[in-house]
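**Q** okay, sequence plus prediction incoming.
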Amino acid sequence: MGNKRSKKTNNRLSKQIKEIEQLIVPVPVPITDLDLDFHSEKQCYTFFLDPVIATSPNVESSEIIKYGKEGYGGWTSNSNPELEKRMELLTEDYQSPAVNQAETLLHFFAMTDLHITDGEFPAHGIYTKYGGGIVSVYSEMMHYTTHVLDGAIHSINAIHHENPMDFGLSMGDNTNNARYNELRWSIDVFDGGEINLDFGINNNPRIGPRKNFYDDFMAVGLNQQIPWYQVIGNHDHIWPDKKPKVVSDDPSRRFLFRADWMKEFFKTSTKPIGHGFTAAHLESGFACYAFEPKEGVPLKVIVLDNTQPDDDPNVNGYAHGSLDRLRFDWLINELDKGQEEGKLMIIAAHIPIGVEYLEPLTKPFMSWSTISQVSEPEIIEKLHSYPNLILWVAGHRHRNTVTPLKSPDPIQPERGFWVVEAASLRDFPQNFRTFEILKNSDNTISIVTKNISPTVKEGSFASIARSYAVAAQQTFNGRTDMMPTGSYNAELMVALSPEMKKIITEF
Ligand SMILES: [Fe+2]
C-alpha cells in the first residue's frame, strides 16, 4: 500500500510525532472527595469544570506542558443535578395526578461521539491546523479515547446492576478518522477483553515516558444481557476528507466505506450480531433499520442514517444533516407502520433536527445541508403528523441539550415530540445519557433522561483524559452550557392520542 511519497511523508511525520510526544506530560489530577475504586461500579456522578483563574495566561492547546502549571484541566465531582420537569408538550391546563405510580416501560442508554482515535494517523489535523479553534482537529485527550469508553461501559454495567437496561444505542462517530483500526477498537472495547492498541510506525510496548496509555489493556466489556445497536455518524465515513487516501503502510489504517463499516459489527461477542445491521445492509450500503427492543412493550426504535451522501459536493464540509428521497420514504414507511400498529416511536439519528444554534462557529458546517433533497422544515412538518412519535435522540454536536418540537395544533398536543442530544464521550463534559420511558397513572408518558459521566479513579488514564478534556474546553473556549431550551437531567412529559392512551391503559 505504501509508495515513495508516503515513506518520505512517514519519516517527516515520525520526526514531528517524536517532537510532539516530548510535550506529553499529564496534568496533576485533582483530588476529589469521592473515594472511588478503579472504574468504580458503585458511583455514577457528574463533574464540573474549575474555571481557570483570571490571572492565568492564555495557553495554546498544543502547550500541554503548561496546562498543570497555569491551572488548566481542573475539575470537581458532584452528585447529578435534580430532574427538571418539562411540560411544554402538554396543554397549558394539564394537571398532574395527585398520586402517580409510574411504571417503567423501557430503560436504555445512548452513548455517542466516542471519536476513537489513531493518535499517529498521518493525515490528522494536528499536523496542519491544530490552532484552528476546534477540538475535533486536536485535543490531547484523543490519545485516551479507548480508556474513556471502557470507563463508560463500567458505569453502564453498574447502572444495569441497580436498574436493568433493556438495550443501548451507540449513536455514531465511533471513529475520528473513519479508519478500520479505530472502528475495531470501539467494537472490541464494547465486547471486552484484551485491547491491542498497536498502530502506525511504532509497535507496543512503546518506549519512553508517558507512552503506556498505548499499551494493551483489559476492557471490562458491556454486560452480555444488554443488546446494543449502532447508528452511523459522519466521522464514520466522510471525515476528515471525503476521498479515501493511502495514508501509511499500515493496512489497519485503511478507510472504510459504509458497507465495510457495517460489516465490522458482525465480528462481535456482544449482542446482537450485526448490532442492528443485517446481510441485506451489507449488499445495499443502506444504514437504516428499525427494531422493537422489548417484547410486549408497544414501542419501536427507528435508526436513521441522516449523514450526507458520499457523492455530495463540498458545501461547508460534510457534517450537515441530510436526507435523500430514498431514506425519507423509508422513514415515512416505518412511521406509518408504527402509527398503524399502535406503537410508540423513537427515532435514533446521529444528527439532531430542529435544534438551536447559538454558536457562529458551528452553524455553517453542522446545521442541515442546504443541498439535502429533503429540507429540515419538510421533515419536521411530516414528523408532526405522527402522534406516536415521542422522541428523537441524537449526538453529533457534543452538546447535551433538550428541545421540545411542539405540535403545530394546540388541540392535538400529542403531535409534538422531544429532541434530546447526548454529549460526546470525548469532549467535556464526557457524558452519555440514560433514558427511562415511564407510563404515568393518567396515561401520559414521561421520558426521564440523565447525563452520566464515566466513573474513573484518580490517576487512571480515563481520569487523565478527563483533565485533558477540561483543558481543551478551556483553551478552545468551547461552549457547552445549556441552550435556552435545555435541561441537564430532565423528566420530559409527553401527551398521547386517545387511541394510544387506550393501548397503554390495557398494557
Ligand atoms: Fe458527528
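**A** Here it is on my side, so go on. Numbering: from 1, shown residues only.
**Q** quick one: contacts of stretch 321-333?
**A** Residues from elsewhere that reach stretch 321-333 (C-beta atoms under 8 Å, 6 or more residues apart in numbering): 286, 288, 302, 304-309, 312, 347, 349, 351-353, 367-369, 371-374, 376, 379, 382. From N, CA and C alone the C-beta is placed, and that goes for glycine too.
**Q** show me which of those residues are buried.
**A** Neighbour counting with 16 or more other C-beta atoms under 10 Å marks 286, 288, 302, 304-309, 312, 347, 349, 351-353, 367-369, 372, 374, 376, 379 as buried within the contacts of stretch 321-333.
**Q** and these, which of them are in helices?
**A** Secondary structure from DSSP state H places 376, 379 of these in helices.
**Q** the residue of the stretch 251-400 of the chain found nearest the ion: what's it in contact with?
**A** As assessed by C-beta to the ion, the ion sits closest to H396 within the stretch 251-400 of the chain, at 3.9 Å. For H396, the contacting residues are 112-113, 172-173, 233-234, 319, 350-352, 366, 421, by C-beta under 8 Å, 6+ apart.
**Q** swap in 10 Å and give it another go.
**A** Residues in contact with H396, defined by C-beta atoms under 10 Å, 6 or more residues apart in numbering, are 112-113, 171-173, 233-235, 306-307, 319, 321, 349-352, 355, 366, 421-422, 424.
**Q** keep only those that also lie close to the ion.
**A** Restricting the contacts of H396 to those within reach of the ion (C-beta under 5 Å from the ion) leaves 173, 233-234.
**Q** could you dump the residues you listed to JSON lines with neighbour count and secondary structure?
**A** What follows is the ones next to the ion among the contacts of H396, written out as JSON lines (neighbours: other C-beta atoms under 10 Å; DSSP: H, G, I helix; E, B strand; the rest coil):
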{"residue": "D173", "neighbour count": "30", "secondary structure": "coil"}
{"residue": "G233", "neighbour count": "29", "secondary structure": "coil"}
{"residue": "N234", "neighbour count": "23", "secondary structure": "helix"}
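**Q** closest one to P227 out of these, please.
**A** Nearest to P227, judged by C-beta to C-beta, of these is G233 at 19.8 Å.
**Q** isn't that closest one right up against D113?
**A** Yes: using C-beta atoms under 10 Å, G233 is in contact with D113, at 7.1 Å.
**Q** which residues do those two both contact?
**A** In terms of C-beta under 10 Å, 6+ apart, G233 and D113 are both contacted by the residues 170-174, 350, 395-396.
**Q** just to be sure, L89 is in a helix?
**A** No: going by DSSP: H, G, I helix; E, B strand; the rest coil, the assignment for L89 is coil, not a helix.
**Q** so what's it closest to, chain neighbours aside?
**A** Leaving aside its sequence neighbours, L89 sits nearest to G416 (C-beta to C-beta, 6 or more residues apart in numbering; 4.1 Å).
**Q** what about the one you found, distance to the ion?
**A** Taking C-beta to the ion, to the nearest Å as the measure, G416 falls 26 Å from the ion.
**Q** run a quick neighbour tally on S170.
**A** 28 (other C-beta atoms under 10 Å).
**Q** so what's it closest to, chain neighbours aside?
**A** Q230 (5.0 Å).
**Q** burial measure for D336, as a count.
**A** Considering only other C-beta under 10 Å, D336 is surrounded by 12 other residues.
**Q** ugh, typo on my part, it should be R399
**A** 26.
**Q** per-residue pLDDT, it?
**A** For R399, the model assigns a pLDDT of 88.
**Q** okay, now N181: neighbour count?
**A** 22.
**Q** from memory it sits against F121, does it?
**A** Yes: taking C-beta under 10 Å as the definition, N181 is a contact partner of F121 at 9.0 Å.
**Q** which residue is the nearest non-sequential neighbour of R433?
**A** A422 (4.3 Å).
**Q** residues in contact with N489?
**A** Applying C-beta under 10 Å, 6+ apart, we find N489 in contact with 46, 80-84, 400, 402, 433-434, 448-452.
**Q** for the residues you listed, which one is nearest the ion?
**A** Lowest distance from the ion to the contacts of N489 (C-beta to the ion) belongs to N400, with 14.5 Å.
**Q** for that closest one, give me its contacts.
**A** Counting by C-beta under 10 Å, 6+ apart, N400 touches 420-424, 429, 431-433, 449, 451, 480, 482-483, 486-489.
**Q** got a ChimeraX select line for the buried ones in those residues?
**A** Buried members of the contacts of N400, defined by 16+ other C-beta under 10 Å, are picked up in ChimeraX with:
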select :420,421,422,423,424,429,431,432,433,449,451,480,483,486,487,488,489
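**Q** which positions in the stretch 301-450 of the chain make contact with the ion?
**A** H396.
**Q** let me see the ranges of the strands in the stretch 301-450 of the chain.
**A** All strands of the stretch 301-450 of the chain, identified by DSSP state E, counting those that start in this stretch, fall at 344-349, 389-394, 402-405, 417-421, 432-439, 445-452.
**Q** and the fifth one, how far out from the chain middle?
**A** This points to strand 432-439. 16 Å (C-alpha atoms, centre = their mean, to the nearest Å).
**Q** the stretch 51-200 of the chain: strands as residue ranges?
**A** Counting by DSSP E, counting those that start in this stretch, the stretch 51-200 of the chain has strands at residues 75-78, 84-86, 103-111, 167-170, 193-195.
**Q** just name the most buried of these.
**A** Highest mean neighbour count among the strands of the stretch 51-200 of the chain (mean count of other C-beta atoms under 10 Å): strand 167-170, with a mean of 25.
**Q** what packs against that one?
**A** strand 103-111, helix 145-162, helix 180-191, strand 228-230, strand 299-304, strand 344-349, strand 432-439 (3 or more C-beta pairs under 10 Å, 6 or more residues apart in numbering; DSSP states H and E).
**Q** low-confidence stretches in this protein?
**A** Within the chain, the segments meeting pLDDT under 70 span 1-51, 53-54, 77-80, 122-138, 199-213, 239-249, 360-361, 458, 477-482.
**Q** show the contacting residues for the residue positioned nearest the centre of the chain.
**A** The centroid of the chain falls nearest to T112 when counting by C-alpha atoms, centre = their mean (1.2 Å). Neighbour list for T112: 169-174, 231, 233, 348, 350, 393-398, 421-426, 431-433 [criterion: C-beta under 10 Å, 6+ apart].
**Q** same thing with H281?
**A** By C-beta under 10 Å, 6+ apart, the contact list for H281 reads 258-259, 262-263, 265, 274, 287-289.
**Q** and the residues you listed as TSV, adding distance to G71?
**A** Below are those laid out as TSV (distance: C-beta to C-beta, whole Å):
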residue	distance to G71
R258	44
A259	48
M262	45
K263	47
F265	43
G274	47
A287	44
C288	47
Y289	48
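**Q** most widely separated two among those?
**A** K263 and C288, at 16.3 Å, using C-beta to C-beta across those.
**Q** and G192, backbone torsions?
**A** Taking degrees, to the nearest 10, you get phi 90, psi 170 for the backbone angles of G192.
**Q** tell me how far it lies from the ion.
**A** 26 Å.
**Q** burial check on N440, number of neighbours?
**A** N440 has 18 neighbouring residues, counting by other C-beta under 10 Å.
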